[in-house]
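> Curious how this folds, go ahead:
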Amino acid sequence: MANMIPDNVKDNAPLWERILFNRFRNELTDEFIILHSLGIARHRSKRWGECDFVLIAPGGIIFLEVKGGGVQCQKGKWTYTSPDGKSYTKTESPWEQAKNAMFSVKKDLEIKHPEFRNILFGFGVVMPDDVFSVTGPELEQEYLLDRRNWHMNLSHYIKQLIMIWEKRYYTVTGDRPKCLSRRDIETIRKALRPDTVSAYTLASRLNFAEKQMVNLTSSQIRAFQGLQDNGHVLIEGTAGTGKTLIAFEQARRFAGEDLKVLFLCFSRLLAMHINTNIIKLDDLSGKVYVSTLHGLFKNTIIDAGLKERLETLERDNENGYFYKSIFPRIFQEAVLIKIPDIYDVLIIDEAQDILSTENLDALDLILNKGLRNGNWQVYLDRMQNIYNPDKINEALKYLEETGYAKYRLTLNCRNTLEVAVSTSVISKIDMALAGAVSGGYQKSIYYRNGLFKKTVGSIVKELHAQGFHSNDIIFLSTRQLDKSSFSEIRSINGRSLIDLTKENSKKGYDFCTMHAFKGLERKMVIAADVFDQDIPDLKRHILCYSGLSRALTGLILLVNEKDKKEHEKSMREFGARLAEITI
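Numbering: from 1, shown residues only. Sure thing, here's the model as predicted:
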């Protein structure tokens with residue numbers, strides 16, 4: 001008996017769908033997972049598409065378009081008549097509908113899971129009430145099951161389809177498609193029809209570029225409503241409260257109103273991922289320009305012919321003075337020499353690391369009507385202020401003079417409760433616990449000197465056994481790779497450790513410093529050096545707060561045995577803080 005998802009046909013389904021649903025369940029074996037009425041949000045030819053049945057089996061994925069009643073075509077127009085006499089017209093043939101559904105899902109699945117690029121995709125057409133014997137370039141009879149063979153066991157039709165598509169696959173590639181294991185089949189099922197869909201995360205948008213339904217918290221809803229009516233907006237929220245989510249949705253909304261949007265952030269990796277996985281895939285090029293603040297400054301300065309002057313002054317960067325003051329001033333000079341693009345809307349994410357009066361003066365020049373009369377939004381978390389602690393209050397006073405609406409996000413819509421608690425313990429900066437969903441995974445593993453590499457290998461092996469993929473995992477440290485505990489590791493279970501701060505590769509496991517990974521997320525964070533005494537306490541706490549909060553569902557802390565007492569002390573302190581709040 002096949003596994004039907006959902007296990008009951010929808011209430012308003014036509015009679016022929018009900019019949020086919022029951023026949024599939026009874027006539028196919030349990031190696032099949034069958035998705036009924038699969039919605040396709042990213043259809044290649046429609047705003048929204050749907051496939052009647054999707055069959056996932058060891059042989060591959062088959063998409064079926066089912067047409068009950070009568071089917072006819074005249075001068076390129078297809079008329080479908082249901083058994084009750086009602087009819088409707090389409091320009092697509094059933095074959096074309098099935099093919100477009102197949103290619104739409106194929107594209108999204110391969111982006112999300114590149115390991116499935118060499119599996120079999122095929123389609124078929126079912127007409128249970130009619131005999132359709134017409135042939136033509138668009139009407140492949142070999143893919144059709146109509147009334148002539150409707151009495152046959154459906155397993156024969158599906159096996160025949162798979163054989164036909166296997167031959168086509170071999171003709172095109174010269175190879176055989178990959179056979180799907182039970183785990184592969186379940187992975188595909190979860191990708192096409194997840195068990196639960198809640199608030200989408202930035203990882204989903206950056207890595208898979210999927211539009212998902214967003215269950216917003218009440219404070220987020222108020223923020224969205226307020227943002228529609230105010231030209232100047234400042235949103236504050238601790239890690240995990242959805243700031244970047246709202247920021248980019250606002251950028252998308254403004255772009256839909258034909259406004260030119262500048263989306264600025266501090267993290268180079270965040271800007272790179274947004275440009276790679278959202279801007280291109282969602283066709284926002286030319287509508288939303290995403291850049292780091294320093295990237296914007298540098299490109300503008302080079303375009304104005306001031307590259308040599310920039311490089312000369314950059315060599316003298318005592319106490320960061322170049323980036324704090326000189327860089328924005330050269331940018332202003334460059335704007336006067338060569339007027340750059342002017343933007344209708346300015347959105348600043350990670351604003352705690354960007355805001356300064358010097359930077360605001362510079363950005364004022366490229367915003368239509370300037371900061372006082374133009375349209376801008378600022379998103380910040382003061383607790384993550386690593387680079388800009390002495391400038392932000394002065395900059396906020398600067399913005400207050402222009403007048404703005406202010407919103408505070410208080411519910412954690414990104415992290416599980418276990419991750420939020422552990423981050424609060426280690427960083428000594430309390431995250432929002434309200435709204436955080438319980439059921440995540442957190443573990444602290446103590447290791448002895450000389451056994452770090454072995455410990456990491458065992459952890460990764462166990463994670464893979466539990467269904468994690470390498471791209472679900474990120475290794476984070478408060479230090480750069482060559483100075484971190486991970487420096488002794490060149491590979492993990494045969495796969496390289498890739499430093500994301502220097503290269504972007506999907507061929508191994510990713511490592512990043514906590515400060516460079518700001519704005520990004522992974523399902524599982526494995527963190528080390530969280531009790532590094534060589535880093536001043538305040539800076540280390542902020543780094544851990546910024547880094548550990550990047551974990552969505554799971555967080556593993558690697559703690560040296562010598563730091564065990566410090567860890568236990570941090571847990572007691574968190575308990576005391578929590579008790580004070582609840583009393």
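> what's the span of stretch 368-382 from first residue to last?
From its first residue to its last, stretch 368-382 covers 28 Å (C-alpha to C-alpha, to the nearest Å).
> Now that stretch: average pLDDT?
In this model, stretch 368-382 carries a mean pLDDT of 94.
> from the middle of its chain, how far away would it be?
With C-alpha atoms, centre = their mean, to the nearest Å as the basis, stretch 368-382 stands 26 Å off its chain's centre.
> Now it: buried residues?
Neighbour counts over stretch 368-382 (16 or more other C-beta atoms under 10 Å) mark Leu371, Gly374, Asn375, Trp376, Gln377, Val378, Tyr379, Leu380, Asp381 as buried. Placement of C-beta: from N, CA and C, glycine included.
> Name the surrounding residues that touch that stretch.
If you take C-beta atoms under 8 Å, 6 or more residues apart in numbering as the criterion, stretch 368-382 is touched by 227, 231-239, 243-244, 246-247, 250, 254, 259, 342-352, 355, 360, 363-364, 367, 392, 399, 401-402, 404.
> For the stretch 251-400 of the chain, just list every one of the strands.
261-265, 288-292, 345-348, 375-380 (DSSP state E, counting those that start in this stretch).
> Parallel or antiparallel, list what pairs with the last one.
The one in question is strand 375-380. strand 232-237 (parallel), strand 345-348 (parallel) (DSSP bridges).
> Save the ones you listed as TSV, and put in mean pLDDT too.
TSV is the format used below for the strands paired with strand 375-380 (pLDDT from 0 to 100):
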stretch	mean pLDDT
strand 232-237	92
strand 345-348	96
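> Relative to Lys443, which of these is closest?
Across the strands paired with strand 375-380, Lys443 has its closest neighbour in strand 232-237 (27.3 Å, C-beta to C-beta).
> returning to that earlier point: for Thr312, state which of the buried residues of stretch 368-382 is nearest.
Checking these one by one against Thr312 (C-beta to C-beta), the nearest turns out to be Leu371, at 30.0 Å.
> So that closest one versus Leu363, what's the distance?
Per C-beta to C-beta, to the nearest Å, Leu371 is found 7 Å from Leu363.
> Now for those two: what residues contact both?
Leu346.
> And the strands of the stretch 251-400 of the chain: which comes nearest Phe32?
strand 288-292 (42.3 Å).
> what are the pairing partners of the closest one, and which direction each?
With DSSP bridges as the test, strand 288-292 pairs up with strand 261-265 (parallel).
> mind checking how far the host helix or strand of Lys190 is from the chain centre?
Per DSSP states H and E, Lys190 falls inside helix 182-192. In terms of C-alpha atoms, centre = their mean, the centre of helix 182-192 is found 19 Å from the chain centre.
> pLDDT averaged over that helix - what is it?
Taken as a whole, helix 182-192 has an average pLDDT of 89.
> What residues of that helix count as buried?
For helix 182-192, using 16+ other C-beta under 10 Å, the buried residues are Asp184, Ile185, Thr187, Ile188, Arg189, Ala191, Leu192.
> all helices of the stretch 151-300 of the chain, in order?
154-173, 182-192, 202-203, 218-229, 243-256, 268-274, 293-303 (DSSP state H, counting those that start in this stretch).
> if we compare those, which one ends up closest to Arg550?
Comparing the helices of the stretch 151-300 of the chain by C-beta to C-beta, helix 202-203 comes nearest, at 9.2 Å.
> Phe123 belongs to a helix, doesn't it?
No. With DSSP: H, G, I helix; E, B strand; the rest coil as the criterion, Phe123 is strand rather than part of a helix.
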